[in-house]
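Participant: Next comes the sequence, and after it the predicted model I'd like to discuss.
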Amino acid sequence: MRDYGVFDILGPIMIGPSSSHTAGAARLAKVAGIIAGGNITKVSFLLHGSFAKTYRGHGTDKALVAGVLNMDPWDENLKDSFKIAEEKGIEIIFAETDLGDVHPNTVKFIITKMDGSITEVIGSSIGGGNITVINIDSQVVEFTGERPTILTSHKDLPGVISKISSILYEENINIANMRVFRSQKGKMQTMALETDSLISEDLMDKIKNIKEIENVKFINPLMEGGN
Amino acid sequence: MFVSTGGELIDICSLEDTPIWEYTIREEMEKSELTRVDVIEKMRKNLHVMLSSSMLAQEKEIKSVSGLIGGDAYKLRKYADRGNTLTGSFMVRAMASALSSSEVNAAMGRIVASPTAGSCGILPAVIISAAEMLNKNEDDMINALFTASGVGIIIAKNATLAGAEGGCQAECGSAAAMGSAAVVEMMGGTPAQALNAAAMVLKNILGLVCDPVAGLVEVPCAKRNYAGTVSALTTADVAMAGVESKIPFDEVVWAMSKVGRQLPPELRETAQGGIAVTPTGLKLKKEIFGQ
């Protein structure tokens, strides 16, 4: 039997009409935008399943664009996100697709940045505003963004993970959950590491300094809110 | 950990001589490791969004994104203000309030999922109208929201709050049951009377299917929110009169869970049954989405 808190029952505060098709979509897109890392010039949204069929009526499109613009799921500007994207000169493309055997509310983001680099993220809105990110740049991952999450890409060599965890230990940050994904032994690894306390830029800089680390990103959970 | 059944909830509240809201606040403090003030302030944020969503569409006509619904909360409020109603301006205004949050939700405005977006009109309408009628203040409304969420936790643990799993009875039914229990405590009723109200509301809505036209949270969802509101408010009176549910709350929740699982997938938020597949329902779908 699952244990529920009061605010699992009453909440989230959100922009309607649907926790999965609107609030979850905004949350997912915000995480995708953070993974891409800012200076976005163009986003293609490839919608799968129920998202592809009903996105206009649920405002899923507006929520997704709002999310990559870094808006929260309860931001009342969410419904004007297309206009805001246009003002910022961000090109937006929507297309329907079939991503195979994934959750019906799944979207693939292809995000182009000012320097021409492209980040691809696939994630699902799994109900009640909750999300799962399942793929980053063709690498299988799995995390929900409910806890502070550190994402690293690093060389698949002995000792890298212990270097990361000792930095966390020095900062007195407890690891709640940790998963490592790799496509091939000895090549690159992706790690999703969830912690019990918020992650700072300072901590990220320390992890970046580990020489085997190619890339590191962090996602702090969205604080429920509004005014 | 929060108790798992209504029976245990009544026992612990009676043992500690405390209302459901107080027990719920204490359990939340323990679970979240937040202070009492923090937990209450978090709920106050919810209440403020509810106060706004339940009023907005009464003051001006709001249309949904698809254009399917809107303007009905405004109509009802005007009707209530004219004064020639059958069920009294209190009830008509409560219904307008419920429709308001539902219309704000469908128009991409800000709401509190309570417990879901599709049922977001009921709890605010019930708590706010009752508080107005009974001259209660903001803190009383916040306490009522804790009672409601305490009852919601028990339903969530033993059944479901999701239309996709249990049909509309799980969404609007749970919202109305939570609201009715909260009003009973607001009126000075005991935890046992509060759960009696919740049980009666759930029995009266048992089996309600989830059949949204075009898959959108609009038709028939908005009107089910005013219906749930009426059921919650009237049942609070029934419980306060001392009427008891012959079937205890926990057994009603068990029945709701079982009925939810017995519903075919067509009637669980897939838009493939019920109102959604009536000729008009299908025509509206075509108008919004094309083929």
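Facilitator: Arrived safely.

Participant: Geometrically speaking, which residue is the centre of the chain?
Facilitator: If you meant another chain, say so; for now it's chain A. Residue closest to the mean C-alpha point of chain A, counted by Cα atoms, centre = their mean, is A:V31 at 2.6 Å.

Participant: actually chain B
Facilitator: Nearest residue to the geometric centre of chain B (Cα atoms, centre = their mean): B:A175, 2.4 Å.

Participant: I'd assumed B:I122 was in contact with that one.
Facilitator: Yes. The criterion here is Cβ atoms under 8 Å, and B:A175 meets it with B:I122 at 3.9 Å. C-betas here are computed from N, CA, C, even on glycine.

Participant: Number of residues surrounding the closest residue to chain A within the stretch 151-291 of chain B?
Facilitator: Closest residue of the stretch 151-291 of chain B to chain A, Cβ to the nearest Cβ: B:G152 (3.8 Å). When neighbours are counted by other Cβ atoms under 10 Å in any protein chain shown, B:G152 registers 29.

Participant: Find residues that contact each of B:A175 and B:I122.
Facilitator: The contact sets of B:A175 and B:I122 overlap at B:S114, B:N225, B:G228, B:A232 (Cβ atoms under 8 Å, 6 or more residues apart in numbering or on different chains).

Participant: Tell me the spatial nearest neighbour of the third one, not counting adjacent residues.
Facilitator: It stands for B:G228. The spatially closest residue to B:G228, leaving aside those adjacent along the chain, is B:A176, at 3.8 Å (Cβ to Cβ, 6 or more residues apart in numbering or on different chains).

Participant: Report how many residues lie close to that neighbour.
Facilitator: Counted with other Cβ under 10 Å, B:A176 comes out at 32.

Participant: And it, how far from B:Q169?
Facilitator: With the distance defined as Cβ to Cβ, to the nearest Å, B:A176 ends up 10 Å from B:Q169.

Participant: now B:N158
Facilitator: Where B:Q169 is concerned, B:N158 sits at a distance of 14 Å (Cβ to Cβ).

Participant: Nearest residue to the residue in the stretch 101-250 of chain B positioned nearest to chain A in space, please, no chain neighbours.
Facilitator: Nearest to chain A, among the residues of the stretch 101-250 of chain B, is B:N105, at 3.2 Å (Cβ to the nearest Cβ). Spatial nearest neighbour of B:N105, excluding adjacent residues (Cβ to Cβ, 6+ apart): A:G16 at 3.2 Å.

Participant: How confident is the prediction for that neighbour, by pLDDT?
Facilitator: A:G16 is assigned a predicted lDDT (pLDDT) of 93.

Participant: Most neighbours among the shared contacts of B:A175 and B:I122, which one is it?
Facilitator: Going by other Cβ under 10 Å, B:A232 tops the shared contacts of B:A175 and B:I122 with 34 neighbours.

Participant: The helix or strand containing it: which residues count as buried?
Facilitator: Assigned by DSSP states H and E, B:A232 belongs to helix B:221-240. By 16 or more other Cβ atoms under 10 Å in any protein chain shown, the buried positions in helix B:221-240 come out as B:221-236, B:238-240.

Participant: how's chain A carved up into domains?
Facilitator: For chain A, automatic domain parsing gives the domain ranges A:12-137, A:149-219.

Participant: Would you mind finding the most buried of those domains?
Facilitator: Of all the domains of chain A, domain A:12-137 has the most neighbours on average by mean count of other Cβ atoms under 10 Å in any protein chain shown, namely a mean of 21.

Participant: Quick check: end-to-end length of it?
Facilitator: 30 Å (Cα to Cα, to the nearest Å).

Participant: before we move on, the earlier item: give the contact list for the residue of the stretch 101-250 of chain B closest to chain A.
Facilitator: A:G16, A:P17, B:S53, B:I111, B:A117, B:G118, B:C120, B:G121, B:V217.

Participant: Apply 10 Å and report the result again.
Facilitator: Neighbouring residues of B:N105 by Cβ atoms under 10 Å, 6 or more residues apart in numbering or on different chains: A:14-18, A:22, B:53, B:57, B:62, B:64, B:111-113, B:116-121, B:217-218, B:221-222, B:225.

Participant: Sticking with it, tell me its helix or strand.
Facilitator: Using DSSP H and E, B:N105 sits in helix B:88-106.

Participant: can you pull the contacts of the closest residue to chain B within chain A?
Facilitator: Proximity of chain A to chain B (Cβ to the nearest Cβ) peaks at A:G16, 3.2 Å away. A:G16 makes contacts with A:22-23, A:58-59, A:78-79, B:53, B:64-65, B:101-111, B:113, B:117-118, B:120, B:217, as judged by Cβ under 10 Å, 6+ apart.

Participant: ok, 8 Å please
Facilitator: Neighbouring residues of A:G16 by Cβ under 8 Å, 6+ apart: A:22, A:59, B:104-111, B:117, B:120, B:217.

Participant: Equivalent analysis for B:A131, please.
Facilitator: B:N137, B:D140, B:M141, B:A144, B:M186.

Participant: what about it, which helix or strand?
Facilitator: According to DSSP H and E, B:A131 maps onto helix B:122-133.

Participant: Would you mark the buried spots in that helix?
Facilitator: Buried residues in helix B:122-133, counted by 16+ other Cβ under 10 Å: B:I122, B:L123, B:P124, B:A125, B:V126, B:I127, B:I128, B:S129, B:A130, B:A131.

Participant: Quick check: the two most widely separated of those?
Facilitator: B:I122 and B:A131 (14.8 Å; Cβ to Cβ).

Participant: Tell me the confidence at residue 182?
Facilitator: All of this refers to chain A. So, for A:R182, pLDDT stands at 85.

Participant: Switch to chain B, please.
Facilitator: For B:A182, the model assigns a pLDDT of 98.

Participant: Please name the nearest non-neighbouring residue to the residue nearest to the centre of chain A.
Facilitator: Nearest to A:V31 is A:G145, by Cβ to Cβ, 6+ apart, at 5.1 Å.

Participant: and what of B:A164?
Facilitator: That would be B:E269: by Cβ to Cβ, 6+ apart, it lies 4.2 Å from B:A164.

Participant: hang on, the earlier thing: okay, B:N158 and B:Q169: which has more neighbours?
Facilitator: Legend: neighbour count by other Cβ under 10 Å for B:N158 and B:Q169, higher for B:Q169 (27 against 17).
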